[in-house]
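Undergrad: sequence and predicted model, in that order:
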Amino acid sequence: MTDSVHPHMPIAKKLTRSFFRTSSSARSLSPALSVVLVLPLLAVFAFGFIYPVARLVALSFSGFTLAQYRRLLEVPLYMDVFAGTLFVALVVMLSCLVLGFPVALAMARVKNRTTVLIGACVVIPLWTSVLIRTYAWIVLLQRNGIVNSLMVSTGIFDKPLTMIHTQGAVILAMTHVLLPYMILPIYAVLRTLPADYARAARNLGAGPVRAFLTVTLPLSLPGVFAGCVMCFVLALGFYITPALVGGPGSMMISTLIGQQTTVLMDWPFAAALATVLLIITLALVFLFRKTLSFSRGLHSVA
Amino acid sequence: MIGQSLSLVSLEKNYTNIKAVCGISLDIKAGEFVSILGPSGSGKTSILTMIAGFEMPTAGRIVIGGRDVTILPPNHRDIGMVFQKYALFPHLTVAQNVAFPLKMRRYSKKAKRDRVDEMLELVQLQSCADRYPDQLSGGQQQRVALARSLAFEPPVILMDEPLGALDKKLREAMQFEIKRLQQRLGATVVYVTHDQEEALTMSDRVAVMSNGTIAQIGTPVELYKQPRSPFVANFIGKINFIEGRYLGEETGAVSIRLSQDSVVTARHTGQCLEPGTLGNQGVRLAIRPERIKLVARGAGGTAAIPGVVNTSVFVGSFSIFLVHLAGQPDQVIQVQIAAQAAPPFLSNDEVDLVPDEGAVHIFPATAEQAA
């Protein structure tokens, strides 16, 4: 409608106008501008992700054989690594959920200043490097570490326990690192739930626990799912923490892939491993989304 | 059982350094519709949350049908409540929402289904049983909330500005709907609102709140005709205030000087002043706009207040004249008279304002300022 309103406007100016917005409202951008804004990201994504992944997948089939995949299936060690990785990711996800939900609930329920305080406790570790947080666990868990010397000096254990380089240590450290990814999405959903829902449930005859189970928990599921997907997927591909805290008996896929590429230089096999990891991840995300859209009621909240 | 009495006994609520409710006592009979009316911050919502059990009173007791519920948790009080924004559970269907309180009370499957059907029929929403709340209009959601709160036949039903989110037409329709249901079921209803019109049209009695206390409680007619303070007079309906000076009284007729050259005599209605307490002090006259007549200057007699017409506005069934007092251009009085084909007075006409018999309320000028 710009034309009729400004009949004497120079053509160039008109073009700039229509480029930047579709209507007189400044809120909506024209499709052309939207594309321009997204273009740099798309370019980076195409060159930095899609192209290498495509090359990787191609590499895993090099020589047009399924040999790499057959090897993956036939050698029990590799299947064990996959199973172990899935197990660790699952346990980490569940422990994040169990530990994180109460924190998110507390954050959503308490008054402003306390929310900021809890929020800071959750977020500040995120700003610290994963490496540092992992080394902290090494300091704590190693043979002559803080936990062991404390336990021995207080007489709880006779001699230091082997805590570092075990699967338990990997789960512990990864749970710690990934906890914020569970807390934040749940908190985001809980915060938007009006307190009146819980009150209405109490008013209608539900005790505190029942009100939580029948109203608050189901309504927070979108956040729970989001947090679970994020934790699980991040845990599947975790590299630094398992590499440092874990041992040979608790190897995870990314560590294996790292080994194949940097130590053994077996690129086709590493590519096959990476492809399988990618497929598992995508399948799981898809599955989670399916579950999420299972209940219509959840949609109205999310 | 639906419809029981509710008593608040010197109920108090203090938050850190704020007194929200200061010693309120209120007896509500079984089957009565009582509104708690007040501006925001007057403590009306605090009273409701205490009755519902979401907050503990600092002092005082709450008794429902002879049972002291002051320290009971909300789920053991059996109170129905309609929330301001309905608070329908978005993950449950309409039928599941209405069945929620029945499920909590372990009704059998059949009893539950029958009751839900009955409630949905009551609010005429049988066809929406399987929809989700976000698929309903505001008015329909409101009716579901109503059905849910009534489903377990609560002794007392609380409503927290339940019509606030609806548009005017729908609000009026719902007022009648709620009133109809309440009378049909014989429910005891405590209705919190800041809309005086809503309170007047629906309630058996209205409690007007101001600063954590009940300024006045009575039937809508009592509150309208005999306000006990300028605050109540101003909050319920429209009213004009005129400042004056008390001169004296003879056999109930009070003389009040309004300005240098106008003195009015008003028969005071007796409910707001103790005779002889005023001395030679300032008073405030309060007169409803529809209880003043306009006549030509000089035709009004001794009770008349001389004025000059500023302007008039046609509002449909009546006209509003804005008249300022003679010699006091900033003291403007609203007069409401039945609409006529041609306005009886034009701007700048000199007129007499004649209040109806008993229409003038006299308050001491020191009384609380009207909000």
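TA: Now that the structure is in, tell me what you want to look at.

Undergrad: for B:K19, which non-adjacent residue is spatially closest?
TA: The spatially closest residue to B:K19, leaving aside those adjacent along the chain, is B:G212, at 5.6 Å (CB to CB, 6 or more residues apart in numbering or on different chains). In this view, the C-beta of every residue, glycine as well, is placed from N, C-alpha and C.

Undergrad: correct me if wrong: that neighbour contacts B:G43.
TA: Yes - taking contact to mean CB atoms under 8 Å, the distance of 4.1 Å between B:G212 and B:G43 places them in contact.

Undergrad: for these two, list the residues in contact with both.
TA: When contacts are counted by CB atoms under 8 Å, 6 or more residues apart in numbering or on different chains, B:G212 and B:G43 are jointly contacted by B:A20, B:V21, B:C22, B:I24.

Undergrad: kindly provide the distance from the residue nearest to B:K19 to B:E161.
TA: When distances are taken as CB to CB, to the nearest Å, B:G212 and B:E161 turn out to be 18 Å apart.

Undergrad: compare these two (neighbour count), which wins?
TA: For B:G212 against B:E161, the residue with the higher neighbour count under other CB atoms under 10 Å in any protein chain shown is B:G212, and the figures read 22 against 19.

Undergrad: mind listing what the more buried one touches?
TA: B:G212 sits next to B:K19, B:A20, B:V21, B:C22, B:I24, B:S42, B:G43, B:S46 when contact means CB under 8 Å, 6+ apart.

Undergrad: how about the secondary structure of B:V283?
TA: Classification of B:V283 using DSSP: H, G, I helix; E, B strand; the rest coil returns strand.

Undergrad: what's the answer for B:T311, then?
TA: The assignment at B:T311 comes out as strand when based on three-state DSSP.

Undergrad: so what pLDDT did it get?
TA: On the pLDDT scale, B:T311 is placed at 89.

Undergrad: mind checking how far the nearest residue to it once chain neighbours are set aside is from chain A?
TA: The shortest distance from B:T311 to any residue other than its chain neighbours is 5.2 Å, reached at B:L322 (CB to CB, 6+ apart). Applying CB to the nearest CB, to the nearest Å, one obtains 41 Å for the distance of B:L322 from chain A.

Undergrad: may I see the buried residues of the worst-scoring helix or strand of chain B on mean pLDDT?
TA: Of all the helices and strands that make up chain B, the one with the lowest confidence by mean pLDDT, DSSP states H and E is strand B:262-267; it has a mean of 73. For strand B:262-267, the neighbour count (16 or more other CB atoms under 10 Å in any protein chain shown) marks B:S262, B:V264, B:T265, B:A266, B:R267 as buried.

Undergrad: okay if I get these as TSV plus distance to B:P227?
TA: Converted to TSV, these look like this (distance: CB to CB, whole Å):
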residue	distance to B:P227
B:S262	24
B:V264	20
B:T265	21
B:A266	15
B:R267	17
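
Undergrad: helices of the stretch 51-200 of chain B, start to end?
TA: Remark: helices of the stretch 51-200 of chain B, listed N- to C-terminal, are B:94-104, B:109-122, B:138-150, B:168-185, B:196-202; assignment by DSSP state H, counting those that start in this stretch.

Undergrad: let me have these in TSV, adding mean neighbour count as columns.
TA: Listed next are the helices of the stretch 51-200 of chain B as TSV, based on neighbours: other CB atoms under 10 Å in any protein chain shown:
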stretch	mean neighbour count
helix B:94-104	23
helix B:109-122	16
helix B:138-150	23
helix B:168-185	15
helix B:196-202	19
